[in-house]
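[1] just the structure for this:
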Amino acid sequence: MIIEISDPHDERLDLYRDVKDRDLTDREGLFMAEGKVVLERLFSSPLAQTVSVLTTPERLKGLAHLPEAPVYVVAQDLMDDLAGFPIHRGYLALGRYAPPKSLSEILAGERVRVVVLSGIANTDNMGGLMRNAAAFGVDAVILEFHLLRRALPESHPRQCRRRVAGAALSRQNSA
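    All right, here's what the predicted structure looks like:
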């Protein structure tokens, strides 16, 4: 559903206000995605649900398909003012992760591809590893917990770009 908004005080835009790096991973239990490629992956992901989209009239035309969620269309200057910085890519979206599957649920499939990463010394290459895992249709990537914290800190803006790899990441709760 496409909704044009010109009022900067419209409450439907509240979650897009004053975006900080930490908001990319947790804004009221949601995550924020930026850029066309990331949004299109979100729209088709079985791992997350699109809550809403914020874009401009010019950029709206560039999306191959739209989610079954509100798509707020605003002027570029309003979008930049809302976010608190220039949104050069012209796309923001809010998503909610699906409940995580346990490792046993992931492994219950008939044919499952799993990558286990252990003892990685240089975490700068994690994005490449995740993109390769996605390219080969990997169902899960298992990381050592200390590697996960070091490689993918929750507040780091590259976190969302790494998630675009589409690899399922299963974290076991030790509690």
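[2] in which helix or strand does M126 reside?
    Here M126 is covered by helix 126-135, with elements defined by DSSP states H and E.
[3] now that helix: buried residues?
    Along helix 126-135, these residues count as buried under the neighbour rule (16 or more other CB atoms under 10 Å): 126-127, 129-131, 133-134. Every C-beta, even on glycine, is put in place using the N, C-alpha and C of the backbone.
[4] which elements pack onto the helix or strand just after it?
    Reading on from helix 126-135 to the C-terminus, the next helix or strand found by DSSP H and E is strand 140-143. The helices and strands touching strand 140-143, judged by 3 or more CB pairs under 8 Å, 6 or more residues apart in numbering; DSSP states H and E, are helix 103-107, strand 114-117, helix 126-135.
[5] out of these, which is closest to D18?
    When the helices and strands packed on strand 140-143 are ranked by distance to D18, counting by CB to CB, first place goes to helix 126-135 at 27.2 Å.
[6] from the contact counts, what lies against the closest one?
    Using 3+ CB pairs under 8 Å, 6+ apart as the contact criterion, the secondary-structure elements in contact with helix 126-135 are strand 114-117, strand 140-143, helix 158-163.
[7] how does it look with 10 Å?
    Other helices and strands packing on helix 126-135, by 3 or more CB pairs under 10 Å, 6 or more residues apart in numbering; DSSP states H and E, are strand 114-117, strand 140-143, helix 145-151, helix 158-163.
[8] pick out the shakiest of these, pLDDT-wise.
    In terms of mean pLDDT, the lowest-scoring of those is helix 158-163 (a mean of 48).
[9] ok so, going back, possible to save the helices and strands packed on strand 140-143 as a markdown table with distance to L82?
    A markdown table is the format used below for those (distance: least, CB to CB, whole Å):
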| stretch | distance to L82 |
| --- | --- |
| helix 103-107 | 38 |
| strand 114-117 | 38 |
| helix 126-135 | 28 |
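[10] nearest approach to T50 belongs to which of the ones you listed?
    Minimum separation from T50 across these (CB to CB) falls at helix 126-135, 19.2 Å.
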